[in-house]
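Undergrad: Give me a 3D structure for the following:
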Amino acid sequence: MTDAVFEEEDLLPISAIQHLAFCPRQCALIHLDQIWEENRLTAEGQLLHERTHERGRELREDVLIVRALRLRSLELGLIGQADVVEFHRCRGDEPSGITLPGRQGRWRPFPVEYKRGQPKTDLIDEVQLCCQALCLEEMLGAAVADGQIFYGVGRRRSDVVFTATLRDRTKELAGALHHLIDARTIPAPSFSPKCKSCSLADRCLPQIVGGRKSATAYLVAAFEREHTEEGDT
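TA: Got it, this is the predicted structure:
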């Protein structure tokens, strides 16, 4: 286990890592200004996680499935909840795992994250899962070598190996998250295509203050869009 670096009151949600990677301004608006808006994408994701976050456990042959397991890392300064952590019974030729209360043998932790969409072009989903793995390692004192992400589109699992590179990137983003929150400053907006899928677009207004389009041009475009929609009804 690692020595504690953060106090309990300094812990930040693991989910904020994904907000930061998507957009630092979005992350600050959510976690500093407490602004949140639902859209179709966030609502679908919330529904999926509500199903997986029903606490419970079940044994399927040599796999113990634990849902909604609380996670914490004092080294990274993160706290959260795993969708699912599977504990695989160790075979004779496998590295030693951990003992579990009321269970015989040794068990290997294996985190599984659920996502509503499909695999992304970046590594942010893998980073979020790696956060969970690092929390498990610190909490249980056991190595967590790999895990999986279940994607709703295609309904399949994607294997994730927690390499040294992925671990370093995860720790880097955790540090950047704390730096952003400690600074207590909302970053300036920067308009990009991904803003269209952001549930905070109407609160952030990147088109107006993001430097890519003047306020006048934005208002004219908004008026024309509204006029067109009225004409279609």
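Undergrad: got the residue ranges for the helices in the chain?
TA: Along the chain, the stretches classed as helices by DSSP state H are 15-22, 24-31, 40-52, 124-140, 164-183, 201-204, 206-209, 215-232.
Undergrad: Report the contact partners of L11.
TA: R72, L74, G77, L78, I79 (CB atoms under 8 Å, 6 or more residues apart in numbering). Glycine gets a C-beta too; all of them are placed from N, C-alpha and C.
Undergrad: swap the cut-off to 7 Å and go again
TA: For L11, the contacting residues are R72, G77, L78, I79, taking CB atoms under 7 Å, 6 or more residues apart in numbering as the criterion.
Undergrad: Out of the helices of the chain, name the one with the poorest average pLDDT.
TA: The stretch with the lowest average pLDDT out of the helices of the chain is helix 40-52, scoring a mean of 50.
Undergrad: sorry, back to before: now neighbour count too, for the contacts of L11, in JSON lines please.
TA: Converted to JSON lines, those look like this (neighbours: other CB atoms under 10 Å):
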{"residue": "R72", "neighbour count": "18"}
{"residue": "G77", "neighbour count": "20"}
{"residue": "L78", "neighbour count": "26"}
{"residue": "I79", "neighbour count": "18"}
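Undergrad: quick one: which two of those residues are the most distant?
TA: The most widely separated members of the contacts of L11, counting by CB to CB, are R72 and G77 (9.6 Å).
Undergrad: on that earlier part again, tabulate the contacts of L11 (TSV), appending distance to R25 and pLDDT.
TA: What follows is the contacts of L11, written out as TSV (distance: CB to CB, whole Å; pLDDT from 0 to 100):
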residue	distance to R25	pLDDT
R72	27	96
G77	21	97
L78	21	97
I79	23	97
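Undergrad: domains for the protein, by residue range?
TA: Dividing the chain into domains by automatic domain parsing, as the record does, gives the ranges 8-183, 193-232.
Undergrad: Need the distance between the two termini of the first one.
TA: Its start and end residues considered, domain 8-183 measures 19 Å (CA to CA, to the nearest Å).
Undergrad: mind listing what R108 touches?
TA: Shown in contact with R108 (CB under 7 Å, 6+ apart): F87, H88, C90, E94, G97.
Undergrad: Any chance of a ChimeraX selection covering the buried ones in those residues?
TA: Only the buried members of the contacts of R108 enter the following ChimeraX selection, criterion being 16 or more other CB atoms under 10 Å:
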select :87,90,97
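Undergrad: Could you verify my assumption that F191 touches Q207?
TA: Yes - counting by CB atoms under 7 Å, F191 touches Q207, with 5.6 Å between them.
Undergrad: From D168, how far off is G175?
TA: Between G175 and D168 the distance is 11 Å, computed by CB to CB, to the nearest Å.
Undergrad: Kindly report the same for I65.
TA: I65 sits 30 Å away from D168, going by CB to CB.
Undergrad: Tell me which of those two has more neighbours.
TA: Remark: of I65 and D168, I65 carries more neighbours, 15 against 11, as counted by other CB atoms under 10 Å.
Undergrad: Which residues does the more buried one form beta bridges with?
TA: According to DSSP bridges, E58, E86 are recorded as the beta-bridge partners of I65.
Undergrad: Then V161?
TA: With beta bridges defined as DSSP bridges, V161 has these partners: D146.
Undergrad: quick one: C198 and Q26 touch, right?
TA: Yes - between C198 and Q26 a contact is recorded at 6.1 Å, counting by CB under 7 Å.
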